[in-house]
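Enquirer: Sequence and computational prediction follow.
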Amino acid sequence: MKLTVKNLSKTYPNGVQALKNVDLEISNGMFGLLGPNGAGKSTLMRTIATLQDTDEGSIFLDDIDVLNEKDRVRDILGYLPQEFNLDPKVTAEDFLDHIAILKGLTDNMNRKATVEALLVQTNLWDHKKKKLGTYSGGMKQRFGIAQALLGSPRLLIVDEPTAGLDPEERNRFHNLLSEIGENHIVILSTHIVDDVSYLCSDMAVIHHGEVLLKASPVEVLETLGGNIFEKEINKNDIVTYREKYNMLSSRFFSGKTFIRIYSGSEPEEGFVKTAPTLEDVYFHYTKNGKKVPEKVYA
Ligand code: ADP
């Protein structure tokens, strides 16, 4: 299955151009859409999920014209929006059963088996009799995935799913998504770099509504190969370094201050050339906006 987005543009009535000529091709597996808040991720996700129209462009899911054949898309789509409401007084099992009926699973035996399988898959089996209002953030997100998977979707869209989860919950959620990614297209929209580096075989960076680059995380790292340098500095000198160099990030560790810079040539003494991380990539492209290396730009 292949999702092809071509030349998609969207300007909201207040004049904000949320998407600018977005082109993307996405195949089976986990795809990470990485970008800061306000980049246009949710606008793109909602458009693919048929919940919003665009001004220009097309989206095809194999032969399905997504913008014009919404019912066909909805039959094969699972969507976990950034925010969703759950009835706090209903148990997970009953709520899932209710959504299953709404999604057309009318055969009782079949529906029961599907609901049970999803509760097991999302690790909520032991909590199925608990009311949703008592669920933790991670459990709610996993429940959100369970409901999105009802009806065996072939495309699953998850929008900012790990924001607010603690490390253990995130880890569990990552494992669930990668399992699903084995048989589905999963599009994961996030501003958290680690989510993409751990999970995705393909990714894009989006910023101010534009796709700045698209490639596998490994290829993306190669674009910065040999140009990332790190140095321990005196904390008071940070402004000077920021002015002098293309500084990507700083971190404080054990009372020491480290900075990372992007430089085409050897900077001053004390810098050590180091392997780029996906975080460097993210800062480099979102900070420098337009610098798009042709060789990875799809
Ligand atoms: P992200 O999901 O990456 O945070 P969004 O797609 O939510 O980005 O937003 C992209 C831009 O469009 C932002 O500047 C946001 O304020 C604006 N925006 C989003 N939704 C609307 C809307 N319904 N009306 C007007 N502006 C919007």
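Expert: On my side now, so go ahead.

Enquirer: Tell me the bridge partners for the residue in the stretch 51-200 of the chain positioned nearest to the ligand.
Expert: Among residues of the stretch 51-200 of the chain, the one nearest the ligand by CB to the nearest ligand atom turns out to be Ser189. It sits 6.6 Å away. C-beta coordinates here come from the backbone N, C-alpha and C atoms, glycine included. Judged by DSSP bridges, the bridge partners of Ser189 are Leu33, Asp159.

Enquirer: That one and Thr43 touch, don't they?
Expert: No: under the criterion of CB atoms under 8 Å, Ser189 is not in contact with Thr43, lying 10.1 Å apart.

Enquirer: Who has more neighbours out of these two?
Expert: Taking Ser189 and Thr43 together and counting by other CB atoms under 10 Å, Ser189 has the greater number of neighbours (24 against 21).

Enquirer: if I look at that one, how far off is Tyr245?
Expert: Taking CB to CB, to the nearest Å as the measure, Ser189 falls 31 Å from Tyr245.

Enquirer: Also Leu44?
Expert: Taking CB to CB, one finds Leu44 at 33 Å from Tyr245.

Enquirer: quick one: which of those two has more around it?
Expert: Using other CB under 10 Å as the criterion, Leu44 and Tyr245 rank with Leu44 on top: 30 against 18.

Enquirer: Met203 and Val193 touch, don't they?
Expert: No: Met203 is beyond contact range of Val193, at 10.0 Å (criterion: CB under 8 Å).

Enquirer: who touches both of those two?
Expert: Shared between the contact lists of Met203 and Val193 (criterion: CB atoms under 8 Å, 6 or more residues apart in numbering) are residues Leu34.

Enquirer: higher neighbour count, the two?
Expert: The residue with more neighbours, out of Met203 and Val193 and counting by other CB under 10 Å, is Met203; that gives 26 against 20.

Enquirer: how much space is there between that one and Gly29?
Expert: As judged by CB to CB, Met203 and Gly29 stand 11 Å apart.

Enquirer: tell me which parts of this structure are close to the ligand?
Expert: If contact is defined as CB under 6 Å from any ligand atom, the residues of the chain in contact with the ligand are 12, 14, 16, 18, 35, 37-43.

Enquirer: Just the buried subset of the residues you listed, written out for PyMOL, thanks.
Expert: Once 16 or more other CB atoms under 10 Å is used to decide burial, the buried members of the residues of the chain next to the ligand can be selected in PyMOL as follows:
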select buried, resi 18+35+39+40+41+42+43
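
Enquirer: Identify the farthest-apart pair in the residues of the chain next to the ligand.
Expert: Using CB to CB, those reach their maximum pairwise distance at Asn14 and Gly35, which is 20.0 Å.

Enquirer: The stretch 1-150 of the chain: helices as residue ranges?
Expert: Assigned by DSSP state H, counting those that start in this stretch, the stretch 1-150 of the chain shows helices spanning 41-48, 70-75, 92-102, 108-121, 137-149.

Enquirer: start to end distance for stretch 8-19?
Expert: Using CA to CA, to the nearest Å, the gap from the first to the last residue of stretch 8-19 comes to 7 Å.

Enquirer: beta partners for Phe253?
Expert: Residues found in beta-bridge contact with Phe253 (criterion: DSSP bridges) are Lys256.

Enquirer: quick check: domain ranges of the protein?
Expert: Structural domains annotated on the chain: 2-216, 222-297, as defined by automatic domain parsing.

Enquirer: list the contacts for Met30?
Expert: Applying CB under 8 Å, 6+ apart, one finds that Met30 lies in contact with 177-178, 181, 186, 188, 199-202.

Enquirer: Now do the strands in the protein.
Expert: Counting by DSSP state E, one finds strands in the chain at the ranges 2-11, 17-27, 29-34, 56-61, 64-65, 77-80, 155-159, 185-190, 202-207, 210-215, 228-233, 246-253, 256-262, 272-273.

Enquirer: if I look at the nearest residue to Gly226 once chain neighbours are set aside, how far off is the ligand?
Expert: If the residues on either side of it in the chain are set aside, Gly226 comes closest to Lys273, at 6.8 Å by CB to CB, 6 or more residues apart in numbering. According to CB to the nearest ligand atom, to the nearest Å, Lys273 and the ligand sit 33 Å apart.
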